[in-house]
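Can you look at this prediction? I've put the sequence above it.
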Amino acid sequence: MKVKSYTVHGFSTNVSFTDLSLGDNITEWRWNFGDGTPGETYNASTNPDHTYNRAGVYNATLTVVNGTGGMSMHSELVDVPLKGDVNRDGKVSAADTVLILQMAACGTNSDPAADVNSDRAVTSLDALMVSQAVMKGVNDE
């Protein structure tokens with residue numbers, strides 16, 4: 001049994017999980033997302049979405065149960081960055097745009113918060129998206 005790496009969506013803390021469990025007669029899939037919210041149990045394989053309340057690192061666990069009661073568990077650390085918050089101050093700002101432009105110019109692709117459009121590359125497009133979000137007030141309540 002294995003859980004595929006997660007996908008974080010846009011300027012949110014919404015994460016998609018993919019079940020890659022293998023085995024005969026699996027009857028139950030128990031997802032625990034590691035953030036203290038109640039776990040979710042399904043009677044069929046599913047690829048759930050989960051929204052975390054804040055950015056952070058969480059230990060997500062999938063436990064599968066077969067028809068005879070046997071269990072198998074897989075845990076994975078899930079890094080949920082606030083997309084665009086490269087300086088990690090809890091908000092998306094013009095300062096983040098500058099940092100993303102610097103990363104793009106240097107070819108630095110290692111910060112998942114900087115890859116706003118999730119194309120696995122940090123480019124000026126990511127900086128533009130952050131700039132537009134700042135102009136729209138993405139942090140406004």
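Right, received. Where do you want to start? Treat the numbers as computed from the prediction; the structure is a model and nothing was measured.

Check whether the residue lying closest to Asp111 once chain neighbours are set aside sits in a helix, strand or coil.
Excluding the flanking residues, the one nearest Asp111 by CB to CB, 6 or more residues apart in numbering is Val86, at 6.0 Å. For every residue, glycine as well, the C-beta is placed using N, CA and C. Following DSSP: H, G, I helix; E, B strand; the rest coil, Val86 is assigned to coil.

Check the gap between Val86 and Asn109 for me.
Val86 sits 12 Å away from Asn109, going by CB to CB, to the nearest Å.

same question, Gly90
Gly90 is 23 Å from Asn109, by CB to CB.

Work out for me the element Met103 sits within.
helix 94-106 (DSSP states H and E).

Now tell me what touches the helix or strand hosting Leu128 from outside.
Per DSSP H and E: Leu128 is located in helix 124-136. Under the criterion CB atoms under 8 Å, 6 or more residues apart in numbering, residues 11, 84, 92-94, 96-98, 100-101, 104, 114-117 lie in contact with helix 124-136.

got the CA coordinates for that helix in CSV?
Extracted in CSV, the C-alpha atoms of helix 124-136 (Å, rounded to 0.1, in the frame of the first residue of the first chain):
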residue,chain,number,x,y,z
SER,A,124,8.5,35.1,-13.5
LEU,A,125,4.9,33.8,-14.1
ASP,A,126,4.8,32.7,-10.4
ALA,A,127,5.9,36.2,-9.4
LEU,A,128,3.3,37.7,-11.6
MET,A,129,0.6,35.5,-10.1
VAL,A,130,1.7,36.6,-6.5
SER,A,131,1.7,40.2,-7.7
GLN,A,132,-1.8,39.9,-9.0
ALA,A,133,-3.0,38.2,-5.8
VAL,A,134,-1.5,41.0,-3.7
MET,A,135,-3.3,43.6,-5.9
LYS,A,136,-6.6,41.7,-5.5
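
chain center to that helix: distance?
Here helix 124-136 is found 20 Å from its chain centre; the criterion is CA atoms, centre = their mean, to the nearest Å.
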